[in-house]
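J.: missing the sequence, but the structure's below:
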């Protein structure tokens, strides 16, 4: 029972990664016959004590993850144990095959004289990503209904859930001792209150303003704690991971390190290719080194010299090829990506195109912002059919029809409640092919091709633990 108490306590931590990993551990315990009964009882008790809609969703999501992970069957009393229902909790219950609650949950429209309080505006972009208010603003502009004021009204109403500590302390407590230039990876009580207010505003719109159910459900997915496809992704650092000193030095030294990295990947995965790699390889209080590389193909006939190729394609690192996604149902674990055409991918000046692009923001989990966007690279597969991304054994498999063409692994490169603001994330990922099918679609269209890796090394340095980091960027294009 001590282990359960520790896990339940961690569900209340403001650290986003800790909450994600804790939810995974709970889901694993629900699938273990020895631990199942005790874990169910503890989670049902926790669920009944939830004071906010977002808290309910996080606990329900554990049961949902257990079903996806090991075929677990949730207890019937789960549906009766929800004190704060929402559109998103209804979607989760329906996905679990359980009945949803009926009733208005005390919903009421924002009063005419209500004014948005300063603390609601103050949390936007600080304790809470702006996307929730942006979503409300978009709905308001379209419908001319007071969505933003409704969300702010719900924010004031749920203050009573935690009257003594509505903000769960000072989030900068975790980052201030690290010095300047850090950003927190936190989702504290203020965020949970605001996300709950967002869900209640959508419920008001659906029940009292006749908002279409499909649209309301779609907008509620913004409040997912975890992306359904990424929820079961487990941290697993590959043994071919670079050593801390590999990427020290000039361009020649970096390319030597990249070639050594590619060799180690080939030894580990004979016949496969590293398509993309994005990760910090050094993270200390005074120095950080982040390495990004993506494989490209190039046809003959370009107008850009090889020596100028990296500079010509520099914008790729700030405007990666975004891959739009779709799903069969809102909580499907399979994400469908429709590959862009070769015409859309190709840079016609240099006749080159990337073999990997980043996943879009659809169904993004607020506990997984560390992954977005630069860590979620998937094959662009020009010339092939739609691609399915599914979780399997802690990895993500990329399938064309029934054939796995690549997989993506994820690891923690530097644990902590914060990261240097100039880094793209504390975690790392690698996208590795299964054979060469992922890039063969364009071969027949473009004739002989050659391959290169577009790479970038970002180095952060500071003299002491209280200074701000200075940044050095080096990039290049290395043919293979």
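T.: Cool, the structure landed. Values in this document were obtained by computation on a predicted structure and should not be read as measured data.
J.: the closest residue to residue 234 other than its chain neighbours: what's it in contact with?
T.: Nearest non-adjacent residue to residue 234, counting by C-beta to C-beta, 6 or more residues apart in numbering: residue 394, 3.3 Å away. To be clear about C-beta, it is placed using only N, CA and C from the backbone, and glycine gets the same treatment. By C-beta atoms under 8 Å, 6 or more residues apart in numbering, residue 394 lies in contact with 232, 233, 234, 236, 409.
J.: residue nearest the centroid of the chain?
T.: Nearest to the mean C-alpha position of the chain, counting by C-alpha atoms, centre = their mean, stands residue 368 at 3.8 Å.
J.: am I right that that one is in contact with residue 227?
T.: Yes. Between residue 368 and residue 227 there is a contact under C-beta atoms under 8 Å: 6.0 Å.
J.: could you tell me whether residue 353 really is in a strand?
T.: Yes. According to DSSP: H, G, I helix; E, B strand; the rest coil, residue 353 belongs to a strand.
J.: hey, what's it bridged with?
T.: With DSSP bridges as the criterion, residue 353 is bridged to residue 297.
J.: report the separation between it and residue 111.
T.: Residue 353 is 55 Å from residue 111, where distance means C-beta to C-beta, to the nearest Å.
J.: go on, residue 281?
T.: Taken as C-beta to C-beta, the span from residue 281 to residue 111 is 55 Å.
J.: looking at those two, which one has more neighbours?
T.: Neighbours per residue, other C-beta atoms under 10 Å: of residue 281 and residue 111, the larger number sits with residue 281, 22 against 9.
J.: report the contact partners of the more buried one.
T.: By C-beta under 8 Å, 6+ apart, residue 281 lies in contact with 241, 242, 243, 244, 246, 247, 289, 290, 291, 413.
J.: and which of those is nearest to residue 477?
T.: residue 291 (14.8 Å; C-beta to C-beta).
J.: what ranges do the helices span in the stretch 101-250 of the chain?
T.: Per DSSP state H, counting those that start in this stretch, the stretch 101-250 of the chain carries helices over the ranges 118-123, 131-143, 147-157, 189-208, 213-220.
J.: highest average neighbour count across these?
T.: helix 189-208 (a mean of 25; mean count of other C-beta atoms under 10 Å).
J.: that one vs helix 131-143, what angle?
T.: Angle, helix 189-208 to helix 131-143, by axes from the mean of the first three to the mean of the last three C-alpha atoms, to 10 degrees: 20 degrees.
J.: same for helix 189-208, what does it pack against?
T.: helix 53-70, helix 87-95, helix 118-123, helix 131-143, helix 147-157, helix 213-220 (3 or more C-beta pairs under 8 Å, 6 or more residues apart in numbering; DSSP states H and E).
J.: could you pull up phi and psi at residue 419?
T.: Per-residue torsions, residue 419: phi -140, psi 160 (degrees, to the nearest 10).
J.: count of residues packed around it?
T.: Residues contacting residue 419 under the criterion other C-beta under 10 Å number 24.
J.: same deal with the one 3 residues further on?
T.: The criterion is other C-beta under 10 Å. On that basis, residue 422 has 18 neighbouring residues.
J.: low-confidence stretches in the stretch 101-250 of the chain?
T.: 102-105, 167-172 (pLDDT under 70).
J.: burial measure for residue 257, as a count.
T.: So residue 257, with other C-beta under 10 Å, has 21 neighbours.
J.: which SS class is it?
T.: Quick answer, by three-state DSSP: residue 257 is helix.
J.: tally of neighbours for the nearest residue to it once chain neighbours are set aside?
T.: Using C-beta to C-beta, 6+ apart and skipping the chain neighbours, the partner closest in space to residue 257 is residue 246 (4.0 Å). Neighbours of residue 246 under the rule other C-beta under 10 Å: 19.
J.: what sits against residue 246?
T.: 257, 260, 261, 281.
J.: domains of this protein: list them as residue ranges, please.
T.: Domains of the chain are assigned by automatic domain parsing as 2-95, 118-223, 251-479.
J.: rebuild these as JSON lines, extending it with distance to residue 106.
T.: Converted to JSON lines, the domains of the chain look like this (distance: least, C-beta to C-beta, whole Å):
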{"stretch": "domain 2-95", "distance to residue 106": "10"}
{"stretch": "domain 118-223", "distance to residue 106": "9"}
{"stretch": "domain 251-479", "distance to residue 106": "25"}
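J.: quick revisit: list only buried entries from the contacts of residue 394.
T.: Among the contacts of residue 394, those classed as buried by 16 or more other C-beta atoms under 10 Å are 232, 233, 409.
J.: wait, doesn't the last one sit right on residue 240?
T.: No. Residue 409 sits out of contact with residue 240 when judged by C-beta under 8 Å, with a separation of 10.9 Å.
J.: got phi/psi on the residue nearest to residue 257?
T.: The phi/psi pair for residue 246 (degrees, to the nearest 10) is phi -60, psi -40.
J.: mind listing the strands the helix or strand hosting residue 474 pairs with, and their directions?
T.: Taking DSSP states H and E as the criterion, residue 474 maps to strand 470-479. Strand 470-479 has the following strand partners under DSSP bridges: strand 449-461 (antiparallel).
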